[in-house]
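Participant: Please work out how this folds:
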Amino acid sequence: MADATYCCRQCGVYLNVSSNMLYPHDTYFQAGNRGTLSFMEIDMSKFRQQHENRCFPFFDSLDSWGIQRKRTRLRCALCNTLVGYIYYDMPKRVGDTGLGPSQAVPRGQRYRLKIKSLQEAPLYQGKWK
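Facilitator: Prediction:
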């Protein structure tokens, strides 16, 4: 599969987001992955961030639960279009155990970008525009 990079569908600005940083398509996330692409890393200089805290019970498994979910909205730095979110639900590493009575396990970041907000960046003479 050839490497692709993406730009904002609304304004066309180059987002420096590369398909070689995608999670494998069969990776499971609690927040889902419908209509989105999940990246391990992105260039944060291309985005504006807006933090959110949502309070409600959630269950990772019968023995693992929590009460608060955090996510961060990612907006295009140029046109302010909502492009996606940062979720803190990266898959558990082998050997991770719960912490305290809630059994919550700290997770890494996943950058979940909406497919309808992205378009593949054009390639000119071997370089991304």
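
Participant: Show me what counts as buried in stretch 109-123.
Facilitator: By 16 or more other Cβ atoms under 10 Å, the buried positions in stretch 109-123 come out as 109-114, 117-118, 121. Placement of C-beta: from N, CA and C, glycine included.

Participant: I'd like to know which of the residues you listed is nearest to Gly35.
Facilitator: Checking the buried residues of stretch 109-123 against Gly35 with Cβ to Cβ, the nearest one is Lys114 at 6.4 Å.

Participant: surely that closest one meets Gly35?
Facilitator: Yes - under the criterion of Cβ atoms under 8 Å, Lys114 makes contact with Gly35 at 6.4 Å.

Participant: Now Cys55: which helix or strand?
Facilitator: strand 47-61 (DSSP states H and E).

Participant: could you give me the average pLDDT of that strand?
Facilitator: In this model, strand 47-61 carries a mean pLDDT of 76.

Participant: Output the below-cut-off pLDDT ranges for this structure.
Facilitator: 1-2, 30-32, 56-69, 91-107, 123-129 (pLDDT under 70).

Participant: can I get the buried residues of stretch 109-123 in JSON lines with secondary structure and distance to Cys79?
Facilitator: Converted to JSON lines, these look like this (DSSP: H, G, I helix; E, B strand; the rest coil; distance: Cβ to Cβ, whole Å):
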{"residue": "Gln109", "secondary structure": "coil", "distance to Cys79": "24"}
{"residue": "Arg110", "secondary structure": "strand", "distance to Cys79": "24"}
{"residue": "Tyr111", "secondary structure": "strand", "distance to Cys79": "19"}
{"residue": "Arg112", "secondary structure": "strand", "distance to Cys79": "19"}
{"residue": "Leu113", "secondary structure": "strand", "distance to Cys79": "15"}
{"residue": "Lys114", "secondary structure": "strand", "distance to Cys79": "14"}
{"residue": "Ser117", "secondary structure": "helix", "distance to Cys79": "10"}
{"residue": "Leu118", "secondary structure": "strand", "distance to Cys79": "13"}
{"residue": "Ala121", "secondary structure": "coil", "distance to Cys79": "16"}
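
Participant: Could I get those in a markdown table, plus columns for distance to Asn20?
Facilitator: Output for those, formatted as a markdown table (distance: Cβ to Cβ, whole Å):
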| residue | distance to Asn20 |
| --- | --- |
| Gln109 | 18 |
| Arg110 | 16 |
| Tyr111 | 14 |
| Arg112 | 17 |
| Leu113 | 15 |
| Lys114 | 20 |
| Ser117 | 20 |
| Leu118 | 15 |
| Ala121 | 14 |
